[in-house]
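Trainee: Pasting the sequence and the predicted model now:
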Amino acid sequence: MDKHSILVCMGWEQLEIRLQKCEGWEQIEISLPNCSSLQVISFPVVQLHLNRTAMRASQKDFENAMNQVKLLKKDPGNEVKLKLYSLYKQATEGPCNMPKPGVFDLINKAKWDAWNALGSLPKETARQNYVDLVSSLSSSLESSSQVEPGTDRKSTGYETLMVTSEDGITKIMLNRPTKKNALNVEMYHEIMHALKAASKDDSAITVLTGNGDYYSSGNDLTNFTDIPPGGVEEKAKNGAVLLREFVGCFIDFPKPLIAWSMSSLWGIFRSPSLGYSIAVYASDRATFHTPFSHLGQSPEGCSSYTFPKIMSPAKATEMLVFGKKLTAGEACAQGLVTEVFPDSTFQKEVWTRLKAFAKLPPNAMRISKEIIRNREKEKLHAVNAEECSVLQGRWLSDECMNAVVNFLSRKSKL
Ligand SMILES: CCCC/C=C/CC(=O)SCCNC(=O)CCNC(=O)[C@H](O)C(C)(C)COP(=O)(O)OP(=O)(O)OC[C@H]1O[C@@H](n2cnc3c(N)ncnc32)[C@H](O)[C@@H]1OP(=O)(O)O
């Protein structure tokens, strides 16, 4: 008997179809992701289509899913909310029938784009997709809050990070590779949480890195689109509070902190990673970029203070004011990076060092870091407060708004 297995994407989901060719007759097994039993039907294929139609979500399933959304314990983030919104509208009203909102009406434009992108997707399919999405959200949010007990290696319930602890090293890895590890609001909170937990766990050192080809692309520019009832002023104020708290966590972090960059690092994550780390290791293909002026913004993460000290005022100006991108070699020559390794041996070289550091007496390392940092702590907190207050104003400027709108309209498929 010949056996073949084919994965077929049917627009709304993937079906696994197994063909079994037996003597004199043929049989198809269909495996549906949300259906526990395998369906076994015979040709013709039209029957397959009818069967799939029968599996579509009923109005009741749809209503249940809508109720389930209200019960989600964690905010699923803007992208998912937009997806839910667009599927809901498509399922209830059909193709987008609203006039396109103005370019500055960021939230309604993002909603409109998402709905419009569904084109002529049938209402039933949208309803099914909505139900499937809610079901996957419910299970992923439930399972992600489970912590593996009793092991040395932990991966805790983070949505945007992978945190592991092993051999005295806690590794915090930004984990939104499809978004180049851009920091959405949830990620800011999770990093703060992970740093606080790492400061109290029994590891000796903490490592920060990013999953995928970008360590981080900086602040998630869609953060600017989620405008609260108090308007853009309230948004800017909340952003400044969040940023101040976020950077404050790095300033106060008590253990040796090591940034490990195999790839490009932009904006917000760069300043704290470079300015506050004891050591920064980079692969020779890593680059470092602070396009504050390009985005109508100003330096953050205490970079306006630490960079001129580490580099020189002239070099810091090139980077912070003109947004010059540095290669790993240049960043190392200017003191922002500790050591650069060839990409091919990077992991091995860095792990060798980290494992050796993690064996050093942890209290001695803590105290040494404290004595280096304490003299500067008050100053760093003051600089952080000033930078956040200046940024709060920048976020309300036309220059900043235009830069964000340009980025978002470049990716109008949001
Ligand atoms: C509240 C505190 C605020 C603190 C302020 C901090 C200031 C900063 O952080 S300044 C730095 C801001 N970051 C940027 O300006 C980078 C913007 N991104 C890009 O220019 C490009 O994405 C890239 C050069 C990093 C990568 O380009 P590439 O062509 O390789 O990939 P893309 O197709 O553009 O990206 C893939 C995917 O990821 C999304 N994405 C990437 N970066 C961001 C970001 N910073 N914010 C939001 N989304 C981002 C991109 O839109 C793509 O998504 P889709 O696949 O859904 O289109």
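Mentor: Cool, got the structure.
Trainee: Give me the spatial nearest neighbour of the residue nearest to the spatial centre of the chain, chain neighbours excluded.
Mentor: By CA atoms, centre = their mean, the chain has its centre lying nearest to residue 176, at 3.5 Å. Distances taken as CB to CB, 6 or more residues apart in numbering place residue 160 nearest to residue 176, at 5.6 Å, with adjacent residues excluded. Backbone N, C-alpha and C define where each C-beta goes, glycine included.
Trainee: ok, that neighbour to the ligand distance?
Mentor: According to CB to the nearest ligand atom, to the nearest Å, residue 160 stands 13 Å off from the ligand.
Trainee: Residue 357 now?
Mentor: Relative to the ligand, and taking CB to the nearest ligand atom, residue 357 is found at 29 Å.
Trainee: Can you verify my assumption that residue 369 contacts residue 255?
Mentor: Yes - the pair residue 369 and residue 255 passes the contact test of CB atoms under 8 Å, sitting 7.0 Å apart.
Trainee: Pick out whichever of those two has more residues nearby.
Mentor: More crowded of residue 369 and residue 255, by other CB atoms under 10 Å: residue 255, with 21 against 16.
Trainee: just the strands in this structure please.
Mentor: 2-9, 14-22, 25-31, 39-42, 161-166, 169-174, 205-210, 214-216, 257-261, 264-266, 279-283, 287-289, 326-327, 339-341 (DSSP state E).
Trainee: which one of those strands has the lowest average pLDDT?
Mentor: Among the strands of the chain, strand 39-42 carries the lowest mean pLDDT, at a mean of 38.
Trainee: Okay, domains of this structure per the record?
Mentor: What the record gives for the chain is the domain set 59-138, 161-412, from the TED database.
Trainee: Just confirm yes or no for stretch 280-287 near the ligand.
Mentor: No - Stretch 280-287 lies apart from the ligand when judged by CB under 6 Å from any ligand atom; the minimum separation is 10.1 Å.
Trainee: my bad, stretch 236-246
Mentor: Yes - Stretch 236-246 reaches the ligand (CB under 6 Å from any ligand atom) through 239, 242, 243.
Trainee: Restrict that stretch to CA atoms and write it as CSV.
Mentor: C-alpha atoms of stretch 236-246 as CSV (Å, rounded to 0.1, in the frame of the first residue of the first chain):
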residue,chain,number,x,y,z
ALA,A,236,2.9,60.8,25.6
LYS,A,237,2.7,61.1,29.4
ASN,A,238,2.2,57.3,29.9
GLY,A,239,5.1,56.6,27.5
ALA,A,240,7.4,58.9,29.5
VAL,A,241,6.4,57.1,32.8
LEU,A,242,6.9,53.7,31.2
LEU,A,243,10.3,54.7,29.7
ARG,A,244,11.5,56.2,32.9
GLU,A,245,10.6,53.1,34.9
PHE,A,246,12.1,50.8,32.2
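Trainee: Quick check: mean pLDDT of that stretch?
Mentor: 96.
Trainee: which ones are touching residue 304?
Mentor: Counting by CB atoms under 8 Å, 6 or more residues apart in numbering, residue 304 touches 298, 320, 383, 387.
Trainee: List buried residues within the residues you listed.
Mentor: 298, 320, 383, 387 (16 or more other CB atoms under 10 Å).
Trainee: Which pLDDT value goes with the second one?
Mentor: Which is residue 320. 95.
Trainee: How many neighbouring residues does the closest residue to the ligand within the stretch 1-150 of the chain have?
Mentor: Using CB to the nearest ligand atom, residue 79 is the residue of the stretch 1-150 of the chain that sits closest to the ligand, at 7.5 Å. Neighbour count of residue 79, defined by other CB under 10 Å: 17.
Trainee: What separation is there between it and residue 98?
Mentor: 20 Å (CB to CB, to the nearest Å).
Trainee: In the chain, where is pLDDT below threshold?
Mentor: 1-56, 73, 103-104, 139-156, 262-263, 265-277, 411-414 (pLDDT under 70).
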